[in-house]
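A predicted structure for the sequence below; I have some questions about it.
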Amino acid sequence: KRHLLESADLDRADATLVLDTAAQIDQALAGREVKKLPTLRGRTVVNLFYEDSTRTRISFELAAKRLSADVINFSAKGSSVSKGESLKDTALTLEAMGSDAIVVRHSASGAPHRLANWVRGSVVNAGDGTHEHPTQALLDAYTIRQRLGRLEGVRVVLVGDVLHSRVARSNVWLLHTLGAEVTVVAPPTLLPVGIGSWPVDVSYDLDAVLPKADVVMMLRVQAERMNASYFPSAREYSRRYGLDGRRMATLSDDAIVMHPGPMNRGMEIAADVADSVRSTIVEQVGNGVSVRMAVLYLLLGGSPA
Ligand code: CP
């Protein structure tokens, strides 16, 4: 494959190859003082970010640098985008300067797909609107496999603002492909219209599903994409759909708690839950570097052009 545009494009063999490659990279770098491989020497990766990011942008930068690629960080703020330059012209400009791969985050769903039609190099979707965020799903699957030893048959409960969540969409498709069973819990107003066609069970009762969960994946309430008319009050949301210490105590002994970040502490997840031994939130961030190294390595072929 040349691009990574959505989890729905990955079959089980593709996804497993990414996870296994990330594990091999982790093994190869374990205990090394200099965490760097020569694999992408001479290649150039551009991080093209039209939306803010902490984890994704920095971990793609680190991933490319650890593979010895040259990295350009492009932020729409401060660029000629403010003069009206289009996504297409921006991408063609970057490619003219020698980029081999473009990692793109954009507020418009489908922007990475458009980009893939315009450039010769690889395109990686780093989050497009409310559509998909496939490397987040891959790093989440990697974290689950690392903690629980398997993905097949794992019972995942995905909680919160599913309507606006590209993380939810990518996770649902990838986890389904990898044999996990997903239950979505959300207020009816924060479920997408097409939820009936997703390979998930739907529940409105978080307390009922928690004792059977192996993984509880909390989603950020995306206030910036929200219309007040379909959001319950913060207090009401937290009471019905937030994960606090009392609810965490109903989980089975080995169950883990995940969150893609950034978190609204005290809203969808209580601070003591986020910081508990069940929480994999910091591990997810670390695993993001290995998984993104694997993605860049597999897409760019690992040898100079
Ligand atoms: N999880 C995630 O995509 O975080 P950022 O928005 O900080 O990249």
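Sure thing, it's come through. Model, not experiment: these values are computed from the prediction.

Any idea how many residues pack against Asp244?
Residues within reach of Asp244, counting by other CB atoms under 10 Å, total 15. Where C-beta positions appear, they are placed from N, C-alpha and C, glycine not excepted.

An error on my part: the question was meant for Gln27.
10.

Now do the same for it: its pLDDT.
Gln27 is assigned a pLDDT of 95 by the prediction.

how close does it get to Lys35?
When distance is defined by CB to CB, to the nearest Å, Gln27 is 12 Å away from Lys35.

Equivalent analysis for Ala180, please.
For Ala180, the distance to Lys35 - CB to CB - is 30 Å.

Same drill for these two, tell me which one is more crowded.
The residue with more neighbours, out of Ala180 and Lys35, is Ala180; 22 against 15, by other CB under 10 Å.

The more buried one contacts Leu158, correct?
No: with contact defined as CB atoms under 8 Å, Ala180 does not count as touching Leu158 (10.4 Å).

Quick one: name the residues of this protein near the ligand.
By CB under 6 Å from any ligand atom, the part of the chain that sits against the ligand consists of 53-56, 127, 133, 136, 260-262.

pLDDT and secondary structure for those - can I get that in CSV?
Listed next are the residues of the chain next to the ligand as CSV, based on pLDDT from 0 to 100; DSSP: H, G, I helix; E, B strand; the rest coil:
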residue, pLDDT, secondary structure
Ser53, 96, coil
Thr54, 97, coil
Arg55, 98, helix
Thr56, 98, helix
Gly127, 98, strand
His133, 98, coil
Gln136, 98, helix
Pro260, 98, coil
Gly261, 96, coil
Pro262, 96, coil
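
List the buried residues of the lengthiest helix in the chain.
Determined from DSSP state H, the single longest helix within the chain is helix 281-300. Residues 281, 283-285, 287-300 are the ones in helix 281-300 that count as buried (16 or more other CB atoms under 10 Å).

so how far is that helix off the chain centroid?
With CA atoms, centre = their mean, to the nearest Å as the basis, helix 281-300 stands 10 Å off its chain's centre.

Which strands and helices lie in contact with it?
helix 12-29, helix 55-66, strand 101-106, strand 122-128, helix 134-148, strand 256-258 (3 or more CB pairs under 8 Å, 6 or more residues apart in numbering; DSSP states H and E).

switch to 6 Å and redo it
Where contact means 3 or more CB pairs under 6 Å, 6 or more residues apart in numbering; DSSP states H and E, helix 281-300 is packed against helix 12-29, helix 55-66, helix 134-148.

Run through who's touching it.
4, 18, 21-22, 25-26, 39-40, 43, 55, 59-60, 62-64, 66-67, 101, 122, 135, 138-139, 142-143, 259 (CB atoms under 6 Å, 6 or more residues apart in numbering).

In the stretch 151-300 of the chain, what residue spans correspond to strands?
In the stretch 151-300 of the chain, the strands defined using DSSP state E, counting those that start in this stretch lie at 155-159, 181-185, 201-203, 215-218, 256-258.

got the ones you listed as a markdown table, with mean neighbour count columns?
Putting these into a markdown table (neighbours: other CB atoms under 10 Å) gives the following:
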| stretch | mean neighbour count |
| --- | --- |
| strand 155-159 | 23 |
| strand 181-185 | 21 |
| strand 201-203 | 14 |
| strand 215-218 | 26 |
| strand 256-258 | 23 |
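
Ignoring the adjacent residues along the chain, who's closest to the residue in the stretch 151-300 of the chain positioned nearest to the ligand?
Using CB to the nearest ligand atom, the single residue of the stretch 151-300 of the chain nearest to the ligand is Pro260, 3.9 Å away. Once flanking residues are discounted, Pro260 sits nearest to Val167: 4.7 Å by CB to CB, 6 or more residues apart in numbering.

cool, Thr177 as well?
That would be Arg12: by CB to CB, 6+ apart, it lies 5.4 Å from Thr177.

now for the lowest-mean-pLDDT helix or strand in the chain, which elements pack on it?
The weakest-scoring helix or strand in the chain, judged by mean pLDDT, DSSP states H and E, is helix 234-241 (a mean of 90). Counting contacts by 3+ CB pairs under 6 Å, 6+ apart, helix 234-241 packs against no other helix or strand.

Contacts made by that helix with the rest, please.
160, 206, 267.

Can you tell me the number of residues neighbouring the second one?
It refers to Leu206. 21.

Please tell me I have it right and it contacts Val185.
Yes: counting by CB atoms under 6 Å, Leu206 touches Val185, with 5.0 Å between them.

That'll do, ta.
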